[in-house]
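Undergrad: I would like the atomic coordinates for the input below:
(chains A and B)
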Amino acid sequence: MGDVFVVIEHRQGEIRDVNWEMLNLASQVASDFGGEVVSVLLGSGVDDIADQLAGASSKVLYVDDPVLENFNADIYQKNLSALIDEHKPTIVMIGHTAQGVDVAPALAVEKDLPYLTDVIELRGEGGKPVAVRQYYQGKVNAEFSFADADTYILTIREAALEPIEPAQKGSVEKVEAPAKEEAEHRKFVEYVEAEIGDVDITQSEMLIGVGRGVREDKNMPMIEELAQVFEADLCGSRAAVDAGWLPHDRQVGTSGKSVKPKLYFAVGISGAFQHLAGIKGAKTVVAVNKDPNAPIFAEADYGIVDDLFKVVPKLVEELKEE
Amino acid sequence: MKMSVENQSIIEKLDLLGCIQCGRCTGGCPVTVRTNLNVRRFVYDAYQASLEDLMEELAQYSEIWDCTGCHTCAVRCPKGLKPVEVLYSLRNQIVESGKVEPTVRDALESVFLEGNPWGKPKATRFDWMEGLEVKTAEEGQEVEYLFYVCCSVAYDPKLQVVAQNMVKILEKAGVDYAFLGEEESCCGSEVQALGEEELFMEVQEENVELFSSYPAKKIVTLSPHCLSALKKYEGLEAEVIHYTQLLAELIDEGKLSWEGEFPKKVVYHDPCYLGKQNEVYDEPRQVLKSVPGIELTEFDRSRERSLCCEGGGGKMWVETESQQERLAETRARNAKELEAQVIVCACPFCILTLDDAVKAVGYEEEMEVMEITEILGKVL
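TA: So this is what the prediction gives:
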């Protein structure tokens, strides 16, 4: 009782960042529930992962079995269910990821336990959790309390919390898999790797948007250098794509892709309406354009009214110095 | 020939039984220079297969999304049929099955939730009125001309001037007019083109009800797309016209004249939704000719033969995969050959695509794309 389970997500020998974030949250709240942080690792032959986790948890509960070699929500559910019965943790944290939300709701329903998704804050009050999640695309934070139960299942948002710095030496307990049978309804087929070199601009956090203002193909290396120092991906308006400066899958707008980067840096984009509609998900928009009346400035958080051929080299220079 | 009952109904519903497979539709279809679209073939196939087979097979052809809804096929059909309808019907079946591109899904969802396809909030639809004294309609009080503003004009910061200048022109002419208030919502033109027939019916029903609360002798649209959509509405009593029709009439009656000059060479691009679909060819030209100083020239391909800009038929939300030059770019090159300084047009979608095209071919320093009302705003 009182322990905080952190269900570890790993793939092909690699641990995802959300695990370290969940472990940090778990270490902050475990004392509220009067228990310890327990990493729950389901896998096959992943001893080195277990060792890494021991640096960030009081205990690693490591279920090692060939049936767990690849993620399968059905098999995970059965094993987690048995471990919950045996260890009776107060909190079970699962990443709010594609894998996590594949298993967490079914587990909560099976065990008839209180369940909250996409949690960004958590504390314990009187041995019970109080959690925060968001509404209206992050405009409203809502606080949740729960019905009485022995165990509460929460999925935790990725990249919302700081990762833990491993600083302890927890124990590793290797246990027999409570459920070893293959899943009845689904099976793992294969990993399909994304093609190398392919950039999915809808997932990019930093984007440089190229417009007709760049004028000619031979000016693209200057923009590519800017992208390099920003560690950003390149995309563009329809006019820039039509001019052949960028491949079609880099086109942003109503007939191309909608993007949602943290930073959208528009270079020489005047802001055709169909382009602007594609960047409305961007958190911060910075625009460089020599025309102060360019519609892009209506969307921009920061604007530079100047010749991009003066601004971009200067920016590259400054950023390189940093 | 096998013909199932369902299949009969689709061909019958679309009134395509009279097709003689002459091929004038495909022969005149403007996008055939860029894509594999062959509308005659689709009409033929629609006779051949049962509906289910048809769906599975024809849904694989991405070119059904290449149609720009220009209606050249309908204009050219010697039997007076509308071959384009078969493509819209196929799109409808695909949308119904849920297999649509995210761009199309987002546009449709936005119409459903916010009353416009651009993903803009309903609450900001009338921001264009800021700083202007605009007469808005009052429930139950009849006006002569009730204005219907297109979503693109309402939200695009570059096109808002169309509505703003229209207000100034109407004030100058002393016309009994009103704009719809906050209840105005999308006309559904592109919704129907994207195949969401059910949503179009819903939009139609809501708009017909809305118009019944705001009686008018005539409804005047700023966009030819709205004109086409509203004219299809069942149960709409008022006559629907395009603003160029009203302005031509006012000029003709001497109620409207211009103070300034616009000494530039301009070429008028016929919007398909205004020309081919509604046969409004002369009025925009009359309005332009009334502007002092203007030199109006014509494309070789004008009026019924006008080259489509590819902005209609939902194409603002679906890209055509083609290495061939866009038709709007061809249009820009033609304008340059004519030494036109301005391509002038009377449709927001044409403006959006032509504006992009002028940039794509690198003429932005020497050539402008303008809406007719933009020119009128300069000579008021």
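Undergrad: per-residue pLDDT, A:Gly197?
TA: A:Gly197 carries a pLDDT value of 63.
Undergrad: what count of nearby residues applies to the residue of the stretch 151-300 of chain B found nearest chain A?
TA: Residue nearest to chain A within the stretch 151-300 of chain B: B:Asp156 (3.8 Å; Cβ to the nearest Cβ). Backbone N, C-alpha and C define where each C-beta goes, glycine included. If you count neighbours by other Cβ atoms under 10 Å in any protein chain shown, B:Asp156 ends up with 25.
Undergrad: who's in contact with the residue nearest to it when sequence neighbours are not counted?
TA: Closest residue to B:Asp156 apart from its sequence neighbours, by Cβ to Cβ, 6 or more residues apart in numbering or on different chains: A:Phe273 at 3.8 Å. By Cβ atoms under 8 Å, 6 or more residues apart in numbering or on different chains, the contact list for A:Phe273 reads A:295, B:118, B:152, B:155-159, B:352.
Undergrad: same check, this time on A:Ala287
TA: Applying Cβ under 8 Å, 6+ apart to A:Ala287 gives the contacts A:265-266, A:269, A:271, A:294, A:296-297, A:299-300, A:302-304.
Undergrad: okay, B:Val5: pLDDT?
TA: pLDDT, read off for B:Val5, is 50.
Undergrad: show me where the stretch 201-350 of chain B has helices.
TA: For the stretch 201-350 of chain B, the helices defined by DSSP state H, counting those that start in this stretch cover B:224-232, B:243-252, B:282-289, B:327-337, B:348-360.
Undergrad: mean neighbour count and distance to chain A added to those helices, as TSV?
TA: Shown next, in TSV, are the helices of the stretch 201-350 of chain B (neighbours: other Cβ atoms under 10 Å in any protein chain shown; distance: least, Cβ to the nearest Cβ, whole Å):
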stretch	mean neighbour count	distance to chain A
helix B:224-232	24	15
helix B:243-252	21	20
helix B:282-289	19	22
helix B:327-337	21	7
helix B:348-360	27	4
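Undergrad: as a markdown table, those helices with mean pLDDT would be great.
TA: A markdown table is the format used below for the helices of the stretch 201-350 of chain B (pLDDT from 0 to 100):
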| stretch | mean pLDDT |
| --- | --- |
| helix B:224-232 | 98 |
| helix B:243-252 | 98 |
| helix B:282-289 | 98 |
| helix B:327-337 | 97 |
| helix B:348-360 | 94 |
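Undergrad: switch the ones you listed over to a markdown table; also include distance to A:Val316.
TA: Formatted as a markdown table, these follow (distance: least, Cβ to Cβ, whole Å):
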| stretch | distance to A:Val316 |
| --- | --- |
| helix B:224-232 | 44 |
| helix B:243-252 | 49 |
| helix B:282-289 | 47 |
| helix B:327-337 | 32 |
| helix B:348-360 | 25 |
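Undergrad: correct me, but A:Leu315 touches A:Glu225?
TA: No - in this structure, A:Leu315 is not within contact of A:Glu225 by Cβ atoms under 8 Å, at 9.9 Å.
Undergrad: pop the domain breakdown of the chain in here.
TA: Using chain A. Domain assignment for chain A by automatic domain parsing gives A:4-175, A:201-321.
Undergrad: please refer instead to chain B.
TA: Residue ranges for the domains of chain B, per automatic domain parsing: B:5-96, B:103-251, B:257-379.
Undergrad: save those as CSV, and put in distance to A:Ser39 too.
TA: What follows is the domains of chain B, written out as CSV (distance: least, Cβ to Cβ, whole Å):
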stretch, distance to A:Ser39
domain B:5-96, 47
domain B:103-251, 40
domain B:257-379, 46
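Undergrad: out of those, which is closest to A:Val4?
TA: A:Val4 lies closest to domain B:103-251 among the domains of chain B, at 39.2 Å (Cβ to Cβ).
Undergrad: off-centre distance for that closest one?
TA: Relative to its chain's centre, domain B:103-251 lies at 13 Å (Cα atoms, centre = their mean, to the nearest Å).
Undergrad: now do stretch A:183-194
TA: 22 Å.
Undergrad: now that stretch: mean pLDDT?
TA: In this model, stretch A:183-194 has a mean pLDDT of 85.
Undergrad: which non-adjacent residue is nearest B:Ser213?
TA: Per Cβ to Cβ, 6+ apart, closest to B:Ser213 is B:Glu139, 5.2 Å.
Undergrad: likewise A:Ala179?
TA: Using Cβ to Cβ, 6+ apart, the closest residue to A:Ala179 is A:Lys78 (3.6 Å).
Undergrad: go ahead and confirm the one you found touches A:Glu182.
TA: No - counting by Cβ under 8 Å, A:Lys78 sits too far from A:Glu182 to count as a contact (10.8 Å).
Undergrad: so which of the two has more stuff around it?
TA: Neighbour count, other Cβ under 10 Å: between A:Lys78 and A:Glu182, A:Lys78 has more, with 20 against 11.
Undergrad: who are the neighbours in contact with that one?
TA: Neighbours of A:Lys78 in contact, by Cβ under 8 Å, 6+ apart: A:178-179, A:181.
Undergrad: pLDDT wise, what is it at?
TA: 96.
Undergrad: mind checking the SS state of it?
TA: Classification of A:Lys78 using DSSP: H, G, I helix; E, B strand; the rest coil returns helix.
Undergrad: re earlier: more crowded one of A:Leu315 and A:Glu225?
TA: In this view A:Leu315 and A:Glu225 are compared by other Cβ under 10 Å, and A:Leu315 has more residues nearby, 19 against 16.
Undergrad: which element, helix or strand, includes the more buried one?
TA: helix A:308-321 (DSSP states H and E).
Undergrad: how about that helix against chain B, any contact?
TA: No - using Cβ under 8 Å from any Cβ of the partner chain, helix A:308-321 stays clear of chain B, coming no nearer than 14.5 Å.
Undergrad: could I get the CA-only coordinates of that helix as PDB?
TA: Taking Å, rounded to 0.1, in the frame of the first residue of the first chain, the C-alpha atoms of helix A:308-321 are listed here in PDB:
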ATOM      1  CA  LEU A 308      15.300  39.600 -45.400                       C
ATOM      2  CA  PHE A 309      18.700  39.600 -47.200                       C
ATOM      3  CA  LYS A 310      20.000  41.900 -44.600                       C
ATOM      4  CA  VAL A 311      18.200  40.300 -41.600                       C
ATOM      5  CA  VAL A 312      18.900  36.600 -42.200                       C
ATOM      6  CA  PRO A 313      22.700  36.800 -42.500                       C
ATOM      7  CA  LYS A 314      22.900  39.000 -39.400                       C
ATOM      8  CA  LEU A 315      20.700  36.500 -37.400                       C
ATOM      9  CA  VAL A 316      22.800  33.600 -38.500                       C
ATOM     10  CA  GLU A 317      26.000  35.500 -37.500                       C
ATOM     11  CA  GLU A 318      24.500  36.300 -34.000                       C
ATOM     12  CA  LEU A 319      23.200  32.800 -33.400                       C
ATOM     13  CA  LYS A 320      26.500  31.300 -34.400                       C
ATOM     14  CA  GLU A 321      28.300  33.400 -31.900                       C
END
